[in-house]
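Enquirer: here is the input, now give the coordinates:
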Amino acid sequence: MSATDDDVIPTSHTDALQAISVMAGVLVFATVIWQDRPNVLLAVFSFCILFMTLVTTTLCLIEARVVRDKPNPLLRFCLPGTALLGCSGALFLACGFWVWAVLTLVMAAALSLYRRQAADGAFGLIPAAGHELGLVGGLGAVVAGALLVAIKLIA
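Expert: Now for the predicted structure:
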């Protein structure tokens, strides 16, 4: 593989974020158009974010196991993944799907714990992961709240 091939082929991290962004744009547009059942559509939107984050996490784990000589791609995805899961969890809460919201929060905590353990080791793992989850997951929840306000203003 030549240097030009490396420039043309994007990383899996970039592909995942682009796919999630396109999906989010389409589903926000669909939510604005279809106002009969906004809670159901927001729940579907939130599930799609959750599912795509889980698929990306799984692919990053597989890539890390297959290609051991490169840095772990999951470490780069953990922070955006935690934010996406925070957004998804907030949307599940707004729709009234409590079980899915808790499940999403547990998955976000697992990503945060994995990142902190890989970066700093086991010492102070719980407080550091909780701090990261609160900041990054909270940022995702704020984005979800802004999305809900924007949808109400547009619709």
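
Enquirer: from memory residue 115 sits against residue 78, does it?
Expert: Yes: Residue 115 is within contact range of residue 78, at 3.6 Å (criterion: C-beta atoms under 8 Å). The way it works is simple: take the backbone N, C-alpha and C, and place the C-beta from them, glycine included.

Enquirer: show me what contacts residue 119?
Expert: residue 75 (C-beta atoms under 8 Å, 6 or more residues apart in numbering).

Enquirer: any idea which element it lies in?
Expert: helix 98-120 (DSSP states H and E).

Enquirer: so what does the helix or strand following that helix touch, helix or strand wise?
Expert: Note on helix 98-120: by DSSP H and E, the next helix or strand toward the C-terminus is helix 125-132. Applying 3 or more C-beta pairs under 8 Å, 6 or more residues apart in numbering; DSSP states H and E, we find helix 125-132 packed against helix 98-120.

Enquirer: list the buried residues of the helix holding residue 119.
Expert: 100-101, 103-105, 107-116 (16 or more other C-beta atoms under 10 Å).

Enquirer: and stretch 85-97, by the same measure?
Expert: 85, 86, 87, 88, 89, 90, 91, 92, 93, 94, 95, 97.

Enquirer: quick one: which of the residues you listed sit in helices?
Expert: Residues of the buried residues of stretch 85-97 located in helices (DSSP state H): 85, 86, 87, 88, 89, 90, 91, 92, 93, 94, 95.

Enquirer: state the pLDDT value of the last one.
Expert: When you say that, I think you mean residue 95. With respect to pLDDT, residue 95 has a value of 86.

Enquirer: looking at the protein, which helix or strand is least sure?
Expert: helix 3-8 (a mean of 49; mean pLDDT, DSSP states H and E).

Enquirer: the residue minimising distance to the centre of the chain: what's it in contact with?
Expert: The centroid of the chain falls nearest to residue 84 when counting by C-alpha atoms, centre = their mean (2.7 Å). Counting by C-beta under 8 Å, 6+ apart, residue 84 touches 20, 49, 52, 53, 140.

Enquirer: ok, the spatially closest residue to the last one that is not a sequence neighbour to residue 126 distance?
Expert: The spatial neighbour of residue 140 that comes closest, neighbours along the chain excluded (C-beta to C-beta, 6 or more residues apart in numbering), is residue 86 at 2.9 Å. Here the criterion is C-beta to C-beta, to the nearest Å. By it, residue 86 lies 18 Å from residue 126.
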